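A.B. asks: take a look and give me a structure for this.
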Amino acid sequence: MRILLLGANGQVGWELQRALAPLGELHALDRSAADLSDAAALSAIIRRLAPQVVVNAAAYTAVDRAEAESGLATAVNAEAPAVLAGLAREAGAWLLHYSSDYVFDGSGERPWREDDRTAPLNHYGLSKLDGEIAIRDSGCRYLILRTSWVYSARGGNFIHSVLRLASQRPRLDIVDDQIGAPTGAELIADISAHLLRYVQHRPDAGGTYHLAAAGEVSWCGYARHIIEFMRRRGVAMTVGEVVGIGSADYPTAARRPLNSRLDCRRLQETFNLVLPPWQAGVERVLREVRAP
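C.D. replies: Predicted structure coming up:
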């Protein structure tokens with residue numbers, strides 16, 4: 001199997017380099033080698049490499065900045081996937097693409113199913129939804145994985161922010177009314193590899209799936225878990241209090257969904273998978289990172 005991986009140095013892309021390598025001939029390109037905002041360059045790369053699978057782990061992920069840089073967010077998250085889907089269709093290749101819980105409006109408390117109505121609250125979510133639609137409308141063979149609250153041992157993410165702030169401040173005020181499941185890049189990569197092997201023999205299993213770790217927590221509960229776990233490991237923390245606040249008390253340029261729960265039963269039943277609790281992945285990463 002010849003695989004083209006885009007976004008190879010991102011959180012998910014880095015783990016995908018490891019997870020996809022046993023599947024065949026892997027061409028892993030970072031942003032400097034494959035700019036998703038340059039459609040002509042993407043076309044040239046795919047025509048030159050002629051991959052059987054294209055894995056798009058590249059994305060514009062700066063949620064707040066996307067409100068001001070809407071054109072760039074659209075180019076990377078919507079227009080580039082449309083180009084990739086068209087090229088995949090022409091080549092008869094599979095396209096694996098990652099999307100987000102931000103395609104939903106975050107209302108209610110029930111976990112979101114794949115066929116629920118989409119209604120993004122911000123431009124980032126809209127750009128991700130437009131990318132999904134372009135892929136589904138293209139006629140290519142595809143897998144779209146919607147995930148949430150991604151973290152890893154490398155790169156900038158919530159875990160690293162909490163560890164840094166907890167070493168500097170006596171009190172942290174963290175949003176407590178947004179609920180989701182922290183999902184590790186390692187888990188996403190391993191499941192991606194499993195799905196790609198599966199659909200080679202069962203192409204009817206393609207489609208859109210939700211992928212998140214099991215369980216749920218607020219950002220505040222997540223932060224408390226990080227701090228408590230590190231303290232049990234003997235890491236000194238300056239912070240003495242972690243206070244839950246409402247989203248209204250922490251205004252941001254882009255509105256965030258309150259309910260980021262994802263119903264992953266379709267993924268588990270179709271591919272015979274078990275999703276581990278979010279705590280397991282977070283604690284594994286915390287054993288690898290060094291506190292500031």
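
A.B. asks: make sure residue 99 is indeed in a helix.
C.D. replies: No. Residue 99: not assigned to a helix; according to DSSP: H, G, I helix; E, B strand; the rest coil it is strand.

A.B. asks: wait, it sits on residue 128?
C.D. replies: Yes. In this structure, residue 99 is within contact of residue 128 by Cβ atoms under 8 Å, at 5.0 Å. Yep, even glycine has a C-beta here, placed from its N, CA and C like the rest.

A.B. asks: among these two, which residue is more densely surrounded?
C.D. replies: residue 128 (30 against 23; other Cβ atoms under 10 Å).

A.B. asks: kindly confirm my reading that the more buried one is in a strand.
C.D. replies: No. Counting by three-state DSSP, residue 128 is not part of a strand but helix.

A.B. asks: ok, now which ones touch it?
C.D. replies: Residues near residue 128 by Cβ atoms under 8 Å, 6 or more residues apart in numbering: 59, 77-78, 99-100, 102-103, 120.

A.B. asks: swap in residue 186?
C.D. replies: Residue 186 touches 15, 152, 281, 284, counting by Cβ under 8 Å, 6+ apart.

A.B. asks: contacting residues for the third one?
C.D. replies: By Cβ under 8 Å, 6+ apart, residue 281 lies in contact with 151, 182-184, 186-187, 213.

A.B. asks: what pLDDT does it get?
C.D. replies: On the pLDDT scale, residue 281 is placed at 97.

A.B. asks: roughly how far does it sit from residue 187?
C.D. replies: Distance from residue 281 to residue 187, counting by Cβ to Cβ, to the nearest Å: 6 Å.

A.B. asks: shared neighbours, the two?
C.D. replies: residue 213.

A.B. asks: low-confidence ranges in the stretch 151-292 of the chain?
C.D. replies: Across the stretch 151-292 of the chain, residues meeting the criterion (pLDDT under 70) sit at 291-292.

A.B. asks: repeat the analysis, applying 90 as the threshold.
C.D. replies: Residue ranges of the stretch 151-292 of the chain with pLDDT under 90: 154-156, 288-292.

A.B. asks: those helices in it, which residues are they?
C.D. replies: 158-166, 185-201, 219-232, 265-271, 278-288 (DSSP state H, counting those that start in this stretch).

A.B. asks: now the angle from the longest one to helix 278-288?
C.D. replies: Yep, that's helix 185-201 we're talking about. Relative orientation of helix 185-201 versus helix 278-288 (axes from the mean of the first three to the mean of the last three Cα atoms, to 10 degrees): 120 degrees.

A.B. asks: and for the first one?
C.D. replies: Taking the same axes, to 10 degrees, one finds helix 158-166 and helix 278-288 inclined to each other by 60 degrees.

A.B. asks: now do helix 158-166: which elements does it pack against?
C.D. replies: strand 171-175, helix 219-232, helix 278-288 (3 or more Cβ pairs under 8 Å, 6 or more residues apart in numbering; DSSP states H and E).

A.B. asks: name the residues of the first one that are buried.
C.D. replies: The one in question is strand 171-175. 172, 174-175 (16 or more other Cβ atoms under 10 Å).

A.B. asks: check the last one too.
C.D. replies: Applying a neighbour-count criterion of 16+ other Cβ under 10 Å, the buried positions in helix 278-288 are 278-279, 281-283, 285-286.

A.B. asks: closest one to residue 268 out of the contacts of residue 128, please.
C.D. replies: Nearest to residue 268 among the contacts of residue 128 is residue 99, at 18.2 Å by Cβ to Cβ.

A.B. asks: ok so, going back, export the buried residues of helix 278-288 to JSON lines and tack on distance to residue 66?
C.D. replies: Output for the buried residues of helix 278-288, formatted as JSON lines (distance: Cβ to Cβ, whole Å):
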{"residue": "278", "distance to residue 66": "26"}
{"residue": "279", "distance to residue 66": "30"}
{"residue": "281", "distance to residue 66": "26"}
{"residue": "282", "distance to residue 66": "26"}
{"residue": "283", "distance to residue 66": "31"}
{"residue": "285", "distance to residue 66": "26"}
{"residue": "286", "distance to residue 66": "29"}
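
A.B. asks: tell me which two in those residues are the farthest apart.
C.D. replies: 278 and 286 (12.3 Å).

A.B. asks: let's see stretch 83-96 as PDB, backbone CA atoms only.
C.D. replies: Taking Å, rounded to 0.1, in the frame of the first residue of the first chain, the C-alpha atoms of stretch 83-96 are listed here in PDB:
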ATOM      1  CA  VAL A  83      -8.900  19.200  -4.000                       C
ATOM      2  CA  LEU A  84      -7.600  16.100  -2.300                       C
ATOM      3  CA  ALA A  85     -11.000  14.400  -2.700                       C
ATOM      4  CA  GLY A  86     -11.100  15.200  -6.400                       C
ATOM      5  CA  LEU A  87      -7.600  13.800  -6.900                       C
ATOM      6  CA  ALA A  88      -8.300  10.700  -4.800                       C
ATOM      7  CA  ARG A  89     -11.400  10.000  -6.900                       C
ATOM      8  CA  GLU A  90      -9.400  10.300 -10.100                       C
ATOM      9  CA  ALA A  91      -6.700   8.000  -8.800                       C
ATOM     10  CA  GLY A  92      -9.100   5.500  -7.200                       C
ATOM     11  CA  ALA A  93      -7.400   6.200  -3.900                       C
ATOM     12  CA  TRP A  94      -8.800   6.300  -0.300                       C
ATOM     13  CA  LEU A  95      -8.900   9.700   1.500                       C
ATOM     14  CA  LEU A  96      -8.700   9.700   5.300                       C
END
